[in-house]
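Student: Need coordinates for the below:
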Amino acid sequence: MRSHKPDQSGGRTPSPVRQSIRVLVVLFAMVVGTLPSIGAAQAHGTIINPASRAYQCWKTWGNQHMNPVMQQQDPMCWQAFQANPDTMWNWMSQLRDGLAGQYQARTPDGQLCSNALSRNNSLNQPGAWKATNVSPNFTVQLYDQASHGADYFRVYVTKQGFNRSTQQVGWGNLDLIATTGRYAPAQNISFNVSASGRSGEHVLFVIWKASHLDQTYMWCSDINIT
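Tutor: Modelled structure (predicted):
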């Protein structure tokens, strides 16, 4: 049997097959090392109180999204799951890049609740979305998995008389009620807002300008001001 010749270090010279495997392993490691962290890139957040539409549907029905009773008990979540279940599974990833603060110019009326993302168009549909009861002065809470921090939040609420059951949210339906300052990176960020002068059912619309990149998040939360 023919033996391998020893190399200069006293070991055996690897076979061509082993050399090829080693090269492939090294190349694979180099490629993996250059890939961005997909988990971190997709791990963002949403308004969890008052719950954004996608988050409310996921929290309520995520474990039983095939349950037919949803169609009667929560018809807006039902239509959202029928349109695209990924809208709910990725409740933390409703973002657009590079808006440079041009929110109104680049977000058409009727597409605010989806952040103008066609895959989330079900969130724009008017109807009997489940609402969170709040007082005229209440706290908004963001949960951010990746702790990006915020350059600011802009908070709007629909005008008195807006009918969320029949109307899509447009810029003309909203009043700006708060613009916050910066927030350091944290998973949980809360701030107080006032919707005084309003009562009954409304839509809360929040813009989050994240600090790490030019990434903008927009959500609608349904509220009942008592």
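
Student: So what's the gap between the strand or helix carrying C220 and the chain middle?
Tutor: Per DSSP states H and E: C220 is located in strand 215-225. In terms of C-alpha atoms, centre = their mean, to the nearest Å, the centre of strand 215-225 is set 11 Å apart from its chain centre.

Student: now do stretch 191-209
Tutor: Offset of stretch 191-209 from its chain centre (C-alpha atoms, centre = their mean): 19 Å.

Student: Name the residues of that stretch that are buried.
Tutor: Of all the residues in stretch 191-209, those buried under the rule 16 or more other C-beta atoms under 10 Å are V193, A195, R198, E201, H202, V203, L204, F205, V206, I207, W208, K209. (C-beta placed from N, C-alpha, C; glycine too.)

Student: same question, stretch 133-143
Tutor: Those would be V134, F138, V140, L142, Y143, for stretch 133-143 by 16+ other C-beta under 10 Å.

Student: Please apply the same query to stretch 56-67.
Tutor: Q56, C57, W58, T60, W61, H65.

Student: Tell me how confident the model is about it, as a mean pLDDT.
Tutor: The average pLDDT within stretch 56-67 is 96.

Student: Give me the contact list for that stretch.
Tutor: Stretch 56-67 is contacted from outside by 51, 70, 74, 76-77, 80-81, 85, 87-89, 91, 129-130, 221-222, using C-beta atoms under 8 Å, 6 or more residues apart in numbering.

Student: from the middle of its chain, how far away would that stretch be?
Tutor: Taking mean C-alpha positions (C-alpha atoms, centre = their mean), stretch 56-67 and its chain are 17 Å apart.
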